[in-house]
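Chemist: Quick one, structure for this:
(one chain, ligands or ions: 1)
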Amino acid sequence: MLLNAHNHLKSITTDHLQQWLTATQLQAQSGKLPTYIPVLSQIQPDLLAVTIQTNSSSSVELGDVAKPFVLMSLIKPFLLLFLLVRVGHEAVFSRVGITPSDQSFHSIAQLSSDRGRPRNPMINSGAIFLASLLPGNSPTSRCESLRYWLNQSAGCNLILDEEMLSSVRSLGNETNRSIANLLKCAGYLDDIDLVIETYNQICCLSGTVVDLARLGLLIALPHPIISFQDQHIVNSLMMTCGLYESSSEYAMRIGLPIKSGVSGGLIAIVPKAGAIAIYSPAIDETGNSVGGLFLLEQLVHVHKLSLFQTG
Ligand code: GLN
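Modeler: Predicted coordinates:
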């Protein structure tokens, strides 16, 4: 009998995960911690946690699952989802594109050559613009509206990591400020300070792999307050843009919607089945978790989880 993705994902046990732990830790050694955020550069590089969530009360977990980490760019798909639900498709996609970029997630050259139009919501320009659409008068109330909605809708427990936020602020944020400035010149936003602080705060929302996997379920399974169309949009943009310049390579190698963050978190969606969240802090040059992508690729191959699996 041919099993579907749901059954394949459900059949994975902690023993299956355990088999890959040592090899993943070895692979992760070839990655590096990001140096541009001081606190992130001090994280223990050999941390490793993985969880597979097939519904809100059923998960398989292994490793440092209680260790919280900041979401960084992992917030981007969920920022997009919230805004699709709150302000709608037109308000979002009349201003931000859906085209992949072959340049880095904070490329100023890309934004300049696009004459200030953010290319997609999974890179910094797109997410900084989207942060300007969040409801609220201050960065704190804007971050809080997103945090509250995500915690309520996903049953997770994200909190703002104030120490990381100070660390992010300590370096002046020149690249993201230049991006915001270009967005302002092109008429996409008004208040650079407001939007940069909002963006920094939402990137510093922190949770465990279990919280991350629960966020993933928002777009993996039917949800009472999220439409199938909005889930489809977020999943497709994760598939095409979620790993930046490496997105098409991993669409072929893994075949699932995936999003990474420079903190080393990774979320993969198995539509109609569940979500896999991994934390392994060392990243490659593109900003994707080395251990995370390795482990995910093994799990997808062995357990036949790719969306393009035909046999
Ligand atoms: N806050 C980080 C930044 O803007 C997020 C980037 C990432 O995770 N790729 O640089």
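
Chemist: The ligand contacts on the stretch 151-300 of the chain?
Modeler: Contact residues of the stretch 151-300 of the chain with respect to the ligand, defined by CB under 6 Å from any ligand atom, are listed as 176, 203, 261, 262, 287. (Each C-beta comes from the backbone N, C-alpha and C, glycine too.)

Chemist: out of those, which is most surrounded?
Modeler: Of all these, the highest neighbour tally under other CB atoms under 10 Å goes to residue 203, namely 29 neighbours.

Chemist: who touches that one in this structure?
Modeler: With contact taken as CB atoms under 8 Å, 6 or more residues apart in numbering, residue 203 is in contact with 70, 71, 72, 73, 75, 168, 261.

Chemist: ranges for the helices of the stretch 51-200 of the chain?
Modeler: Taking DSSP state H, counting those that start in this stretch as the criterion, the stretch 51-200 of the chain contains helices spanning 76-86, 89-93, 108-113, 124-131, 139-154, 162-170, 174-185, 192-203.

Chemist: Got phi/psi on the spatially closest residue to residue 186 that is not a sequence neighbour?
Modeler: Distance criterion CB to CB, 6 or more residues apart in numbering; nearest residue to residue 186, sequence neighbours excluded, is residue 116 at 2.5 Å. Summarising the backbone geometry of residue 116 under the convention degrees, to the nearest 10, its torsions are phi 80, psi 0.

Chemist: Among the contacts of residue 203, which one sits closest to residue 36?
Modeler: Top of the list for closeness to residue 36, among the contacts of residue 203 and by CB to CB, is residue 168 at 9.2 Å.

Chemist: any idea how far residue 184 is from the residue nearest to the closest one when sequence neighbours are not counted?
Modeler: With CB to CB, 6+ apart as the measure, residue 200 is the residue that lies nearest to residue 168, at 5.0 Å, once sequence neighbours are left out. Using CB to CB, to the nearest Å, we find residue 200 at a distance of 17 Å from residue 184.

Chemist: which of the two has more neighbours?
Modeler: When neighbours are counted by other CB under 10 Å, residue 200 comes out ahead of the other of residue 200 and residue 184, with 20 against 16.
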